[in-house]
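Undergrad: sharing a model prediction with you, sequence too.
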Amino acid sequence: MTKATFDFDWLVIGSGFGGSVSALRLAEKGYRVAVIERGRRYRDEDLPRSTWQFRKYLWAPALGLKGIMRMRLFRHVFTPNQIAVGGGSVVYGGVLYRAKPDFFDDAQWRSLGRWNQLLQPHYDTAEYMLGVKTVPFESVNQQLIRSMARHFGTEDTFTRAPTGVYFGEPGKSVKDPYFKGEGPDRTGCTRCGACLVGCRVGAVNSLEKNYLWLAQKRGVQVLAEREVVDVAPLGAADGSQGYRVTTQRPGAWFARDRQILSARGVVFAGGTLGTNELLANCKHSGSLPRISDRLGELVRTNSESILTVRLPRDRETWRDVTASSSVHVNQDTHIELLTYGRNADFVSLLYTVLVGDGSRLTRPLKWMGTIAAHPLRWLQTLWPIGWSRRMVMLLVMQALDNAIALRARKRWFGRGYRLATEQDRDKPSPTYIDIGNRAAQWLAQQTGGIAQSNVLEALGNIPTTAHMVGGAVIGADVESGVIDRNLRVFGYRNMLVCDGAAMPANPGVNPALTITAISEYAMAQIPAANLEVMARE
């Protein structure tokens, strides 16, 4: 197959931060690009009003649920991730911190470059494209977290969050304020707090309002509700003659409508789990056997713990953006107070009374002991109605060097492989963060509330992370990583990984901005299209 007969020059698998960056920058370089996304496309007004709207909120396509939130339970971690056109930007709070210094100096990649310097201009570009602005208002959550920091002796670390939200006149729509009128109309944030359910106002700077919007204006096609199930070289084993990409309808029991597209190059950008799943299936099924045996190693949970405090009354903690501020309660631990808005009571079913450290044997015993000591408090936590109006969520993050691994296992039924987790023997990912529990306890005491652990952590010693990264990480060679310093897959030509799977360490903060910056860096290494060689038939 000649280059002129490819369906596209580049196929980008996934439309999140890395995929959207890749689509725009490749199109600007003169390539023909398509983005394949298994999720639906949502207009702002089509996003769920409430987490009880399962068809819009939950992703379980085999059950007919094609909403925005996929929840995955593994033996060693529970993680929610977003599936829709725009990926993780569809229901994120727009929190856009740069990674902590330890991230750039991690042993996995520090010999490959001075990453803090290399990524500096790409962070600048990412902040411009995502419309980063410091939260301009005071809120109840800011008052609470400042008091928490004062208690821990770290009030000087309080900062309002750099956020990708349009803070114009609340509820007023205006012409594009970011890209000299080339972008879509925007509406000012109304502080409804519902960023993590879905911004129906149109204030969050989701990727469909910047990178993807501009990419489509430059001819990029977005193929929604198509799931990639295989990628294989055409001709030469190293992919130098292009790739065959097979897609189907996600979740279909019958009539899967399999289709095949061809491209000169492929960018894997389906999110950390999506990319690891697809690469594992391609490697172990024989389609991409050259992928490094390091695939699935150094998967990071961002050393996270997610706790809540159920308040005795509505203090309007929801009148905010998702996370308008943060503090460091010690050198390693970064905490944000989150809100889901007023209509996220379904999430309360994931939380129970606070449980301390222990094992899979002792933590359930401690949970029962807490219930026996405070039965009325436990009963209060069972009633979901009104929970999201009266709660504060603590997102606890650390940049410590720990990891789990994702292992490919043959499916019990049907073809292909599934992923299972293993703890890293030398540096296991934490199942409990003491300073996080102490912060939740302090906040509960100060407000008269009830501190809560995630049910899975309390009963199964399984931590929750909203920010899983790694598994197809940057390395010096095929023996140490899956991709090189320019995010190119070892053993293949014109194949990249541009999403959270590429990240070699815990960033210690929300990773979206860093994923964007690393993807900008990778795209900057790709030359412009040779219009003679790449001419269309």
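TA: Happy to help now that I have it.
Undergrad: look up how far Arg38 lies from the nearest residue to Ser287 once chain neighbours are set aside.
TA: Leaving aside its sequence neighbours, Ser287 sits nearest to Ala232 (Cβ to Cβ, 6 or more residues apart in numbering; 4.0 Å). C-betas here are computed from N, CA, C, even on glycine. The gap separating Ala232 from Arg38 is 19 Å, by Cβ to Cβ, to the nearest Å.
Undergrad: likewise Ala27?
TA: The gap separating Ala27 from Arg38 is 21 Å, by Cβ to Cβ.
Undergrad: swap in Tyr432?
TA: Look at Tyr432 and Arg38: by Cβ to Cβ, they are 34 Å apart.
Undergrad: neighbour count for the two, which is higher?
TA: When Tyr432 and Arg38 are compared for neighbours, Arg38 comes out ahead with 28 against 17, by other Cβ atoms under 10 Å.
Undergrad: per-residue confidence at that one?
TA: pLDDT for Arg38: 96.
Undergrad: do the same with Thr5
TA: At Thr5, the model reports a pLDDT of 88.
Undergrad: the one 3 residues further on too?
TA: What the model reports as pLDDT for Phe8 is 98.
Undergrad: quick one, phi psi at it?
TA: Main-chain dihedrals, Phe8, degrees, to the nearest 10: phi -140, psi 160.
Undergrad: again, but for the one 4 residues further on
TA: Phi and psi for Val12, reported as degrees, to the nearest 10, are phi -110, psi 120.
Undergrad: with Phe137 instead?
TA: Torsion angles, degrees, to the nearest 10, at Phe137: phi -130, psi 160.
Undergrad: what count of nearby residues applies to it?
TA: 13.
Undergrad: span of stretch 458-472 from start to end?
TA: Distance across stretch 458-472, first residue to last, is 30 Å (Cα to Cα, to the nearest Å).
Undergrad: how about the secondary structure of the residue nearest to Ser287?
TA: Three-state call for Ala232 (DSSP: H, G, I helix; E, B strand; the rest coil): strand.
Undergrad: for it, which residues are in contact?
TA: 243-244, 246, 282, 287-288 (Cβ atoms under 8 Å, 6 or more residues apart in numbering).
Undergrad: swap in Asp484?
TA: Asp484 neighbours (Cβ under 8 Å, 6+ apart): 474-475, 490.
Undergrad: what's the spacing between it and Asp156?
TA: 40 Å.
Undergrad: so what's the residue count around Ile404?
TA: Ile404: 27 neighbours (other Cβ under 10 Å).
Undergrad: wasn't it part of a helix?
TA: No - counting by three-state DSSP, Ile404 is not found in a helix; it is strand.
Undergrad: so where's the chain uncertain?
TA: Counting by pLDDT under 70, the chain has low-confidence residues at 1-4, 531-537.
Undergrad: and with 50 instead?
TA: Within the chain, the segments meeting pLDDT under 50 span 1-3, 531-537.
Undergrad: can you tell me how far Thr247 is from Arg256?
TA: Separation of Thr247 from Arg256 (Cβ to Cβ): 9 Å.
Undergrad: of the two, who's got more company?
TA: A count of neighbours by other Cβ under 10 Å puts Thr247 above the other of Thr247 and Arg256, at 22 against 14.
Undergrad: count the neighbours of the nearest residue to the more buried one once chain neighbours are set aside for me.
TA: In space, and not counting its chain neighbours, Thr247 is closest to Arg226: 4.3 Å by Cβ to Cβ, 6+ apart. The local packing of Arg226 (other Cβ under 10 Å) involves 22 other residues.
Undergrad: contact partners for Arg226?
TA: 36-38, 247-250, 259.
Undergrad: swap in Trp367?
TA: By Cβ under 8 Å, 6+ apart, the contact set of Trp367 is 352-353, 355, 458-459.
Undergrad: who are the packing partners of the helix or strand encompassing Thr247?
TA: Assigned by DSSP states H and E, Thr247 falls within strand 243-248. Judged by 3 or more Cβ pairs under 8 Å, 6 or more residues apart in numbering; DSSP states H and E, the packing partners of strand 243-248 are strand 8-13, strand 227-233, strand 259-268.
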